[in-house]
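**Q** Build me a model:
(chains A, B, C, D, E, F, G, H, I, J, K, L, M and N)
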Protein chains: 14
Amino acid sequence: MDSMTMIAVASIIISGVTISFGCLGPSLGEGRAVATALSALAQQPDASATITRTLFVGLAMIESTAIYCFVVSMILIFANPFWNYAIAQAAGN
Amino acid sequence: MDSMTMIAVASIIISGVTISFGCLGPSLGEGRAVATALSALAQQPDASATITRTLFVGLAMIESTAIYCFVVSMILIFANPFWNYAIAQAAGN
Amino acid sequence: MDSMTMIAVASIIISGVTISFGCLGPSLGEGRAVATALSALAQQPDASATITRTLFVGLAMIESTAIYCFVVSMILIFANPFWNYAIAQAAGN
Amino acid sequence: MDSMTMIAVASIIISGVTISFGCLGPSLGEGRAVATALSALAQQPDASATITRTLFVGLAMIESTAIYCFVVSMILIFANPFWNYAIAQAAGN
Amino acid sequence: MDSMTMIAVASIIISGVTISFGCLGPSLGEGRAVATALSALAQQPDASATITRTLFVGLAMIESTAIYCFVVSMILIFANPFWNYAIAQAAGN
Amino acid sequence: MDSMTMIAVASIIISGVTISFGCLGPSLGEGRAVATALSALAQQPDASATITRTLFVGLAMIESTAIYCFVVSMILIFANPFWNYAIAQAAGN
Amino acid sequence: MDSMTMIAVASIIISGVTISFGCLGPSLGEGRAVATALSALAQQPDASATITRTLFVGLAMIESTAIYCFVVSMILIFANPFWNYAIAQAAGN
Amino acid sequence: MDSMTMIAVASIIISGVTISFGCLGPSLGEGRAVATALSALAQQPDASATITRTLFVGLAMIESTAIYCFVVSMILIFANPFWNYAIAQAAGN
Amino acid sequence: MDSMTMIAVASIIISGVTISFGCLGPSLGEGRAVATALSALAQQPDASATITRTLFVGLAMIESTAIYCFVVSMILIFANPFWNYAIAQAAGN
Amino acid sequence: MDSMTMIAVASIIISGVTISFGCLGPSLGEGRAVATALSALAQQPDASATITRTLFVGLAMIESTAIYCFVVSMILIFANPFWNYAIAQAAGN
Amino acid sequence: MDSMTMIAVASIIISGVTISFGCLGPSLGEGRAVATALSALAQQPDASATITRTLFVGLAMIESTAIYCFVVSMILIFANPFWNYAIAQAAGN
Amino acid sequence: MDSMTMIAVASIIISGVTISFGCLGPSLGEGRAVATALSALAQQPDASATITRTLFVGLAMIESTAIYCFVVSMILIFANPFWNYAIAQAAGN
Amino acid sequence: MDSMTMIAVASIIISGVTISFGCLGPSLGEGRAVATALSALAQQPDASATITRTLFVGLAMIESTAIYCFVVSMILIFANPFWNYAIAQAAGN
Amino acid sequence: MDSMTMIAVASIIISGVTISFGCLGPSLGEGRAVATALSALAQQPDASATITRTLFVGLAMIESTAIYCFVVSMILIFANPFWNYAIAQAAGN
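**A** Modelled structure (predicted):
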């Protein structure tokens, strides 16, 4: 198996693993945050403004970790420096 | 095993693994959110408007991580840049 | 083992793994949602309309992740682009 | 090991793994749903009609994921396109 | 190792794995359902008719997933199409 | 390693794995059911007839999954069609 | 490694694994049942007759799965049909 | 590696694994039973006779599964039929 | 496989694994912190200023561990000293 | 690697694994039993005689499973029949 | 694969694994500490000074373990003595 | 790799694994026992003499399993009969 | 791969694994201790002096185990006797 | 790979694994003990002397298991009898 195939295969594998595994934590964390928000709303409907605002800030923080994974996954598929180097070298040959 | 087969096999394997594993977290997180929404509704029926709205925003956030995985999975099957490069090279040969 | 067999075997393995593993999360999540709906109904029978409606929306969201897996699994068995390419090439030979 | 054996063995392995692993989630989810239905019935016998109806809808949703797995398992044993292609090719030889 | 042995060994392994692993979920789920039924009976003896009926329907649903696994296991031992094909071919030789 | 040894070894391994792993779920499930029956009896001694009857039906359902595993295990040791075929072929040689 | 050694080694390994792994579930299940029996006795000493009787029936059911494993383990050591066949063949040589 | 070493090594490995793994369940189960017995005694000192008796019967049942493992472990070290056969054959040579 | 490919593949694999696995902890930790903040707000709306401030400090601390992982992941893709050394050496050749 | 080294290495490995793994269950079980004894003492100081006595009997039962492991471990190091046989044979050579 | 590549690859792999795995504990621990701080604040707003101070000291202690991992990870990338030795030797050649 | 190195390596590996893994259970068990002792003391300060005494007896029992592991670990490093035999044989050569 | 590379690679791998894995326990333990300290402060603000002092002693004890791991990790990178011996021997050559 | 490298590598690996894994249990156990001590102090400030004394004795017991691991780890690095023997033999050569 030559160098380019190796890099391509590694990029494919890791781009998928990164996003699928990296979504496990955020989705569970967001599920927990939303769930507590809902029971907080049921318990104290008057504080819905504060609760909703805090929930959205928290969801944004948690979602940011999922975004990191998505960014790395996209970089590995569409802007992979190692792959670009390999193509450049192959073209140079 | 030649390069193209290698890339094809890796794409097949990872497209399936990405979506199947990537759905684990969101489905559990959504299950939790929906469950709490239901008990919140039972506890405070008057706040059903706020609860439902918050639930849908939360579900959208959580579902987004599943969508990331689905997108990556579809890219790997139907718009795989490494596969396209390999086909181009094979055609060029 | 030639290329076509390789792709066939990978498709068979992943189509099964995708649907079986991808059903784990949704079925557990739906089980949780249905369970809470039932205890919510027992606790507040008057709100059964709201509870049932919210439950069905939630189940649809959760089921959607199982559908993603089923779609990918079916694509891998019946509309696999890598397999089609391999057949085309084999026919071309 | 020739191509046909390879495909046969993979189909056998995955058909079994798919149904056995794919039943884990639905059976646990249904167990949870039924369990909550029973305690809901004990808590609020008057709402038995609503509870039973919601339970059956929920069980149908959860069972559907087990059915997906069973369908894929049966396809892999009795209507496997890769195996059919291999037989056709073997007959053609 | 020739083709037939390969298929035989795979069938033996998977028939056992399918039924043993596939029974894990149903037995735990049924254990949970029965346990809740019993505490529901202790809590509300008057509703024993409804509880028992719902329990039996639920057990039937859960048992059905175990039956799927048993059916696949039996098919793999006694009505394995891949094995039949291999015998037919061996006889034809 | 010849074909017969292969089949014998696989049968030995799987017969043991099937019964040992297949007993994990039923024994835990029955333990849970019996435990709840006992606390139900302590809570509502008057309903002992209904509780005991329901417990026995439930135990029978759960035990049935253990029986499936035992049956498959015994078939693999004493009535293994693949082994019989292999002996027949060895005798025919 | 010749055939007989292979079968002997597999029988030794599986006989031990079967009984050691197969005892995990029953011992935990029985521990749970006994524990609940004791707290049930403490809660309702008057029902000790019913509780004890139900406990023993339950323990017998759970123990039966351990017995299945012990039986298979003993068969593999002392009445292994595959080993007997191998000895017979070795003697016939 | 000759046959006898193989059998000896397998017996050594499995004798240790059997007893060490086989003790996991019983010790945890007994720990649970004893713990509940103690809190039951604290809760209902008057029923100490019944509780102690039931505890000892239960401990005996649970310990029996550990004994099964110990017996198999001892058989594999000191009365291993496969090893005896191998020694007999080695002596016969 | 030459040295540069090796380093490229290792960098690709680890950059993805680092960020995906490294996000698991922070996202779960933040989910927990946000969830508790929401129920604290529901319980004591008057202390919302203190709660929100403490929450943001805490989220910053937890997010910092995710940032560490993101930094290492980016270093491995875009500023990898081992890769730079390898390129320099390859250019020098 | 000759036979004696093989047996020595297997004995070393298993003697350590047996005692280290075999202590996991008993130490956890005893920890649980002691913990409950202490809270039982705090709850009912008058019953300290019965509680202490029952605790010691229970600890003895649980410790016995650790002793089994220690015995097997010592046998494997200092009274290993397979090793003795190997030394005898080596001396006989 | 020559010595330098080996060391480079090992350093890349471990630098990523160290920080990603090493962040799991601290982020979960900090999440727990922050969560409890928030509910403590909600419960006793008057003690907010003491609670906040203790929280920050605790977070600093926990964060220190993440810092250890980050330090080791950075040493492995930028100040690796083994890599420096290898470069020195390669330059010396 | 010659025999002595093999035995040395196995002894090194197992001596470390034995003590590190063997400490897991006792330390968790002791942590639980001490924790309960402390809350028992807080609940019933008058019974501190009985509680402390019972705690120390219990800790001694639990610590004994850690001591078993330490003893085996030390035997493997400093009084290993297999290593002594190997040295004796090497000296005899 | 020569001896020095081997030792260097092993040292790199283990130095990272030691600190990353060794921080898991202390960070979780400290998180738990800090969390309980905070709720204790909220419950009994008057005892803040005793609570804080005990917390710091406890944190020091727990942190010590993380320090052990850090020390071993640093020794393996900067004061590794096996590496020093290898360098000395290489210089001697 | 010669004997000395083998022993060095094994010692490096195990010294790190021993201390990192061996710290998991003690740190969690101590965390639990300290946590309970703090809530005990909050509940019964008057008993702080007894609680603190018992806590320190308990921490010493738990820390001892971590010390065992540290001792074995240090022995493997700085006073390894197998390594000393190997050096002596190498010097003798």
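**Q** quick one: A:Pro45 from G:Thr50, how far?
**A** With the distance defined as Cβ to Cβ, to the nearest Å, A:Pro45 ends up 49 Å from G:Thr50. For the C-beta atoms, the positions are set from N, CA and C on the backbone; glycine is no exception.
**Q** Between these two, tell me which one has more neighbours.
**A** Neighbour totals were compared for A:Pro45 and G:Thr50, and G:Thr50 leads with 19 against 15 (other Cβ atoms under 10 Å in any protein chain shown).
**Q** just checking, what packs against the helix or strand where A:Phe56 lies?
**A** Using DSSP states H and E, the element containing A:Phe56 is helix A:48-78. Applying 3 or more Cβ pairs under 8 Å, 6 or more residues apart in numbering or on different chains; DSSP states H and E, we find helix A:48-78 packed against helix A:3-22, helix A:24-43, helix B:48-78, helix I:3-22, helix I:24-43, helix I:48-78.
**Q** Tell me which of these sits nearest to L:Ile12.
**A** Nearest of the helices and strands packed on helix A:48-78 to L:Ile12, taken as Cβ to Cβ: helix I:3-22 at 28.4 Å.
**Q** and that closest one, how far out from the chain's middle?
**A** Averaging C-alpha positions (Cα atoms, centre = their mean, to the nearest Å) puts helix I:3-22 15 Å from its chain's average.
**Q** Could you do stretch A:85-93 as well?
**A** On Cα atoms, centre = their mean, the centre of stretch A:85-93 falls 30 Å from the chain's centre.
**Q** Does it reach chain K?
**A** No. For stretch A:85-93, no contact with chain K is found by Cβ under 8 Å from any Cβ of the partner chain; the gap never falls below 16.0 Å.
**Q** Need the helices and strands packed on helix A:48-78 in JSON lines (columns: mean pLDDT).
**A** Below are the helices and strands packed on helix A:48-78 laid out as JSON lines (pLDDT from 0 to 100):
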{"stretch": "helix A:3-22", "mean pLDDT": "92"}
{"stretch": "helix A:24-43", "mean pLDDT": "92"}
{"stretch": "helix B:48-78", "mean pLDDT": "92"}
{"stretch": "helix I:3-22", "mean pLDDT": "92"}
{"stretch": "helix I:24-43", "mean pLDDT": "92"}
{"stretch": "helix I:48-78", "mean pLDDT": "92"}
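**Q** how about the ones you listed in TSV, adding distance to E:Thr54?
**A** Listed next are the helices and strands packed on helix A:48-78 as TSV, based on distance: least, Cβ to Cβ, whole Å:
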stretch	distance to E:Thr54
helix A:3-22	38
helix A:24-43	27
helix B:48-78	28
helix I:3-22	43
helix I:24-43	34
helix I:48-78	44
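**Q** and of those, who's closest to H:Leu41?
**A** The nearest among the helices and strands packed on helix A:48-78, by Cβ to Cβ, is helix I:24-43 at 37.9 Å.
**Q** which secondary structure elements does that closest one contact?
**A** helix A:24-43, helix A:48-78, helix I:48-78, helix K:24-43.
**Q** Show the contacting residues for A:Ile87.
**A** The contact partners of A:Ile87, by Cβ atoms under 8 Å, 6 or more residues apart in numbering or on different chains, come to A:4, B:85.
**Q** Could you check how far it is from B:Pro81?
**A** 11 Å.
**Q** A:Tyr68 too?
**A** Relative to B:Pro81, and taking Cβ to Cβ, A:Tyr68 is found at 22 Å.
**Q** In terms of neighbours, single out the busier of those two.
**A** Neighbour count, other Cβ under 10 Å: between A:Tyr68 and B:Pro81, A:Tyr68 has more, with 25 against 16.
**Q** Looking at chain A, which residue is nearest chain B?
**A** Nearest residue of chain A to chain B, counting by Cβ to the nearest Cβ: A:Gly31, 2.5 Å away.
**Q** Tell me who's in contact with that residue.
**A** Taking Cβ under 8 Å, 6+ apart as the criterion, A:Gly31 is in contact with B:25, B:28-33, B:58, B:62, I:31.
**Q** In those residues, find the pair that's most separated.
**A** B:Gly31 and I:Gly31, at 14.9 Å, using Cβ to Cβ across the contacts of A:Gly31.
**Q** quick one on the thing from earlier: which of the residues in the helix holding A:Phe56 are buried?
**A** Using 16 or more other Cβ atoms under 10 Å in any protein chain shown as the test for burial, helix A:48-78 gives A:48, A:50-52, A:54-59, A:61-77.
**Q** what residues does stretch A:52-65 touch?
**A** With Cβ under 8 Å, 6+ apart as the criterion, stretch A:52-65 contacts A:22, A:25-26, A:29-30, A:33-34, A:37, B:50, B:54, B:57-58, B:61, B:64-65, I:23, I:26-27, I:30-31, I:33-34, I:37-38, I:41, I:52, I:55-56, I:59, I:63, I:66.
**Q** pull the CA atoms of that stretch into CSV?
**A** Output in CSV follows, covering the C-alpha atoms of stretch A:52-65 (Å, rounded to 0.1, in the frame of the first residue of the first chain):
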residue,chain,number,x,y,z
THR,A,52,-33.8,29.9,29.4
ARG,A,53,-30.9,32.4,29.1
THR,A,54,-28.6,30.3,31.3
LEU,A,55,-29.6,27.1,29.4
PHE,A,56,-28.7,28.7,26.0
VAL,A,57,-25.3,29.9,27.3
GLY,A,58,-24.6,26.4,28.7
LEU,A,59,-25.8,24.7,25.5
ALA,A,60,-23.5,27.0,23.5
MET,A,61,-20.5,26.0,25.7
ILE,A,62,-21.2,22.3,25.4
GLU,A,63,-22.0,22.5,21.7
SER,A,64,-18.6,24.2,21.3
THR,A,65,-16.8,20.9,22.1
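**Q** Tell me who's in contact with A:Asp2.
**A** A:Asp2 sits next to B:Ser3 when contact means Cβ under 8 Å, 6+ apart.
**Q** follow-up on the earlier one: among the contacts of A:Gly31, which one lies nearest to chain K?
**A** I:Gly31 (7.6 Å).
**Q** For A:Gly22, see how far away the closest one is.
**A** In terms of Cβ to Cβ, I:Gly31 sits 14 Å off from A:Gly22.
**Q** List the residues that contact A:Cys23.
**A** Neighbours of A:Cys23 in contact, by Cβ under 8 Å, 6+ apart: A:66, A:69, B:22, B:25-26, B:65-66, B:68-69.
**Q** Spit out the contact partners of A:Phe21.
**A** Going by Cβ under 8 Å, 6+ apart, A:Phe21 touches A:69, B:21, I:20-21, I:24.
**Q** Looking at chain A, which residue is nearest chain G?
**A** A:Leu28 (27.5 Å).
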